[in-house]
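Colleague: below: sequence and its predicted model.
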Amino acid sequence: MTSVQWWETAVVYQIYIRSFADGDGDGVGDITGMRSRLPYLGALGVDAVWINPWYPSPMADAGYDVADYREIDPAYGTLAQAREFIAEAHAAGLKVLLDIVPNHTSDQHRWFQAALRSELGARERYLFRPGRAGGEVPPNDWQSIFGGPAWTRTDDGSWYLHLFAPGQPDLNWDHPEVRKEFEAVLAFWFDLGVDGFRIDVAHGLVKAAGLPDRGGPGNPHPAFDQDGVHEIYRGWRAVANRYEPQRIFIAEAWVPSNERLSRYLRPDELHTAFQFDFLRAPWRAAKLREVIDEAISSAASVGAPPTWVLSNHDVPRTVTRYARSQPDGMVESEWERARWVAEAADHELGRRRARACALLQLSLPGTAYVYQGEELGLEEVEELPDEVRQDPTWLQSGRTDVGRDGCRIPLPWSGSQAPYGFSPPGSAASWLPQPDHWGAYSVAAQERDGDSILNLYRAALALRPQLWVGAGDVRWLASADGVLGYARGEAQCWVNTGDVEIALPEGFSVLLASEPGIDGVLPPDAAAWVRARR
Ligand code: GLC
């Protein structure tokens, strides 16, 4: 590759549209709200936005159940508004990435409706199978990711597969019409100027032949990361390659190793993939270093940029992940609720660490993802009343897993009480309630405070192009236990995850630090960017 492409160094801001900004006052975020906040994103200094699904959906899984891939959900706006948003974002210098959901459709999609009516050939686009034991028992032992069996029985007694909610039937990707349709959907949005797609459950589309039993939770899942999936992405890449400027793909693929992940990034497949180890790593220098080295070398092995994700709409917020004692190894369950119940969260500690981790993330080579609200230091809202919970995980797990609502709370923009400027005055209540103390974390409050995390992000994003973009490889520096130090180009990044302060290198000045007043000495749970004094 000759010159560096935008997506190899970009900072991408994830807009969870339901919770970003509500323009029309129904308590749900929308396109009008996003348009009104483009200046905010401009001032923040990100390069691109990724918008979670905005297509028509019965919202069995917050829009990841798509009923029509070529339209906009009426709660979010219209296709005309989507076009305007894309044009305005481009005019503001932002690339626009959408979310495509190819593993499953909504049960309200015309294809699934036709399948329920048993129209000729319609069931073949999905995975319908007869039950076992005379039909009463699901066709195999697969469990839904949200809990319970991955099969639901229809009125006529046959079963269909849904790896997620019953309202999300899995498509049959061996069917040529399914392949053709998705390539056409990609082209539809590329024609509207969209710059690329995040691919939902990219590792799920192809299932092992014959849909065999998994046989136990420790076994590799026959529904995921099958070799046949790669052929699909070669076809998608060919679609993207027809366009100028370049269109790109990002895989959401939860696979067991970096080696498996890098297969999605071969030169004729996807451009990049989320590297999720960062959001499973504890706040411990040794582990972070390991994760960084591995992510960089495995991405390099296929010529892709590494990517850094601290959180997203599926996992607990960073502040809360860091607000309790840290495990020695990787966080093995995505949720770790047990530890949550046993230990109280220290959000101030979590926030200090999240600030430091932001400087770590934004100084590394490659692409960084910022999930809305991360730049405000929002914590996971752990005490939602059960009756307001919306995530299908809650009910499907038999009310044992509270699910992901706590990281999806509408953003606080201004003011001292709900909806904190999320909706215009006099609006309906927001679709999830906001905590009483969130006025202090609103954008307006943080703009007034020079030391706020929002201003830290702004400063970091403003410095990043000068200090780190194109600065070359990470060179580790000798450091004390619990401390990470590396140089890239002329600058260095120092992160202290330990519990004693350390001296910063002599002859260097601090360009930016995660806490105010840092100079010469780096306290615990802090980070600094430094450069040699001239
Ligand atoms: C992805 C999405 C998640 C969704 C699931 C099913 O993991 O990020 O929010 O529930 O896919 O589409």
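Modeller: The structure has been received and is ready for your questions.
Colleague: any idea which element the nearest residue to residue 193 once chain neighbours are set aside lies in?
Modeller: Nearest non-adjacent residue to residue 193, counting by CB to CB, 6 or more residues apart in numbering: residue 86, 5.0 Å away. Backbone N, C-alpha and C define where each C-beta goes, glycine included. Following DSSP states H and E, one finds residue 86 within helix 79-91.
Colleague: show me what the helix or strand just after that helix is packed against.
Modeller: Downstream of helix 79-91, the first helix or strand assigned by DSSP H and E is strand 95-100. When contacts are defined as 3 or more CB pairs under 8 Å, 6 or more residues apart in numbering; DSSP states H and E, strand 95-100 sits against strand 48-51, helix 79-91, helix 176-191, strand 196-199.
Colleague: what's the closest of these to residue 107?
Modeller: helix 176-191 (16.1 Å; CB to CB).
Colleague: buried residues, the closest one. List them.
Modeller: 178-179, 181-182, 185-186, 189-190 (16 or more other CB atoms under 10 Å).
Colleague: format the helices and strands packed on strand 95-100 as CSV; extra columns: mean pLDDT.
Modeller: What follows is these, written out as CSV (pLDDT from 0 to 100):
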stretch, mean pLDDT
strand 48-51, 98
helix 79-91, 98
helix 176-191, 98
strand 196-199, 98
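Colleague: okay, the angle between the helix holding residue 86 and helix 176-191?
Modeller: Between helix 79-91 and helix 176-191, the angle comes out at 60 degrees (axes from the mean of the first three to the mean of the last three CA atoms, to 10 degrees).
Colleague: from residue 452, how far off is the one residue in the chain that gets nearest to the ligand?
Modeller: Going by CB to the nearest ligand atom, the ligand is nearest to residue 64 of the chain, at 3.3 Å. As judged by CB to CB, to the nearest Å, residue 64 and residue 452 stand 32 Å apart.
Colleague: out of these two, which sits in the more crowded spot?
Modeller: The neighbour count for residue 64 versus residue 452, taken as other CB atoms under 10 Å, is higher for residue 64 (25 against 20).
Colleague: can you give me the pLDDT of that one?
Modeller: At residue 64, the model reports a pLDDT of 98.
Colleague: so who does residue 170 touch?
Modeller: The contact partners of residue 170, by CB atoms under 8 Å, 6 or more residues apart in numbering, come to 103-104, 126-127, 160-163, 204, 207, 223.
Colleague: over to residue 148?
Modeller: 396-398.
Colleague: which residues of this protein lie near the ligand?
Modeller: Residues of the chain lying close to the ligand (CB under 6 Å from any ligand atom) are 61, 64, 101, 164, 200-201, 252, 313-314.
Colleague: and with 8 Å instead?
Modeller: 52, 61-62, 64-65, 99, 101, 103-104, 145-146, 163-164, 168, 200-201, 252, 254, 312-314, 392, 404 (CB under 8 Å from any ligand atom).
Colleague: where exactly do the helices run in the chain?
Modeller: 31-36, 38-44, 79-91, 110-116, 176-191, 229-241, 258-263, 285-301, 318-321, 337-342, 347-363, 392-396, 443-448, 453-467 (DSSP state H).
Colleague: show me what the fifth one is packed against.
Modeller: To tie it back to what came earlier, the one meant is helix 176-191. Judged by 3+ CB pairs under 8 Å, 6+ apart, helix 176-191 is in contact with strand 95-100, helix 229-241.
Colleague: that one vs helix 229-241, what angle?
Modeller: 30 degrees.
Colleague: which residue lies nearest the spatial centre of the chain?
Modeller: When CA atoms, centre = their mean is applied to the chain, the residue found nearest the centroid is residue 312 (3.7 Å).
Colleague: surely it touches residue 12?
Modeller: No: using CB atoms under 8 Å, residue 312 is not in contact with residue 12, being 10.9 Å away.
Colleague: which residues do these two both contact?
Modeller: Common neighbours of residue 312 and residue 12 (CB under 8 Å, 6+ apart) are residue 369.
Colleague: for the residue of the chain closest to the ligand, which residues are in contact?
Modeller: 53, 57, 101, 164, 168, 200.
Colleague: how is this structure partitioned into domains?
Modeller: Split into domains by automatic domain parsing, the chain comes to 6-103+176-208+222-454, 110-161, 471-532.
Colleague: export those to JSON lines and tack on distance to residue 465?
Modeller: Below are those laid out as JSON lines (distance: least, CB to CB, whole Å):
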{"stretch": "domain 6-103+176-208+222-454", "distance to residue 465": "8"}
{"stretch": "domain 110-161", "distance to residue 465": "38"}
{"stretch": "domain 471-532", "distance to residue 465": "10"}
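Colleague: how many residues are close by residue 266?
Modeller: Using other CB under 10 Å, residue 266 has 15 neighbouring residues.
Colleague: against residue 18, how distant is the closest residue in space to residue 182 that isn't next to it in sequence?
Modeller: Of all residues not flanking residue 182 in the chain, residue 102 sits nearest, at 5.4 Å (CB to CB, 6+ apart). Look at residue 102 and residue 18: by CB to CB, they are 21 Å apart.
Colleague: ok, now residue 525?
Modeller: Distance, residue 525 to residue 18, by CB to CB: 32 Å.
Colleague: what's the answer for residue 123, then?
Modeller: Remark: distance between residue 123 and residue 18 (CB to CB) = 32 Å.
Colleague: what's the answer for residue 434, then?
Modeller: From residue 434 to residue 18 the distance is 13 Å (CB to CB).
Colleague: residue 265 now?
Modeller: Relative to residue 18, residue 265 is positioned 30 Å away (CB to CB).
Colleague: more neighbours: which of the two?
Modeller: More neighbours surround residue 18 than the other of residue 265 and residue 18, with 26 against 22 (other CB under 10 Å).
Colleague: can you report how many residues lie near the nearest residue in space to that one that is not next to it in sequence?
Modeller: The shortest distance from residue 18 to any non-neighbouring residue, by CB to CB, 6+ apart, is to residue 29 (5.0 Å). Around residue 29 there are 30 other residues, counting by other CB under 10 Å.
Colleague: ok, residue 29 - contacts?
Modeller: 16-22, 76, 410, 422.
Colleague: do the same with residue 85
Modeller: When contacts are counted by CB under 8 Å, 6+ apart, residue 85 is found next to 31, 34-35, 96.
Colleague: pick the most deeply packed of the helices of the chain.
Modeller: helix 318-321 (a mean of 28; mean count of other CB atoms under 10 Å).
Colleague: any chance you could list what contacts that helix?
Modeller: With CB under 8 Å, 6+ apart as the test, helix 318-321 has contacts from 279, 310-311, 315, 331, 345, 347, 350-351, 353-354, 357, 374, 377-380, 382, 406.
Colleague: stretch 346-355 now?
Modeller: 283, 310, 318-324, 374, 377, 379, 453, 456, 497, 514-515, 525-527.
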